[in-house]
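>>> model this:
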Amino acid sequence: MAEQIDPTILEMHAKVCKTMAHPLRLALLNALREGERSVTDLADAIGATHSLVSQHLAVLRNQGLLRTRRNGNEVYYRIAYPKMVQACDLLREVLFEHLRSQEELARLETPNPVQ
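Presented below is the predicted three-dimensional model:
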């Protein structure tokens with residue numbers, strides 16, 4: 001029998017998933033996987049405007065997924081919990097497996113042309 005999960009933990013889990021549910025935020029986390037970066041560096045790395053990157057970084061920071069450090073006028077971001085990168089990698093692996101299984105299913109369902 002499956003272990004019961006505390007409803008508070010389920011709510012927190014849902015909030016984190018909701019926070020992560022944007023491609024730009026996932027791109028930011030991926031860009032931060034090697035360590036701390038400035039907003040300007042992140043904007044250049046993912047090809048987005050400084051203001052858009054700042055908005056999405058604020059969402060991630062407010063959920064507690066990122067930490068910041070200020071150096072003069074520049075703000076540097078880093079991932080608060082490195083296991084978040086592992087979680088994203090694991091989910092991406094599941095997605096690739098799913099895509100491969102769909103491709104295999106499509107090949108099985110496609111009739112061979114009559115020769």
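>>> which ones are touching Leu42?
Leu28, Ala31, Leu32, Val53, Leu57, Tyr77 (C-beta atoms under 8 Å, 6 or more residues apart in numbering). Any C-beta I mention is one placed from the backbone N, CA and C, and that applies to glycine too.
>>> Inside strands: which ones of those?
In this view, these that belong to strands under DSSP state E are Tyr77.
>>> what's the closest of the contacts of Leu42 to Gln86?
Leu32 (13.4 Å; C-beta to C-beta).
>>> Against Val94, how distant is the closest one?
Per C-beta to C-beta, to the nearest Å, Leu32 is found 22 Å from Val94.
>>> Neighbour count for the two, which is higher?
When neighbours are counted by other C-beta atoms under 10 Å, Leu32 comes out ahead of the other of Leu32 and Val94, with 24 against 10.
>>> Quick check: end-to-end length of stretch 60-79?
The straight-line separation of the ends of stretch 60-79 (C-alpha to C-alpha, to the nearest Å) is 9 Å.
>>> Now do the strand or helix carrying Cys17, average pLDDT.
In the assignment (DSSP states H and E), Cys17 maps to helix 7-20. For helix 7-20, the mean pLDDT works out to 94.
>>> How far off centre is that helix?
For helix 7-20, the gap between its own C-alpha mean and the chain's C-alpha mean amounts to 14 Å (C-alpha atoms, centre = their mean, to the nearest Å).
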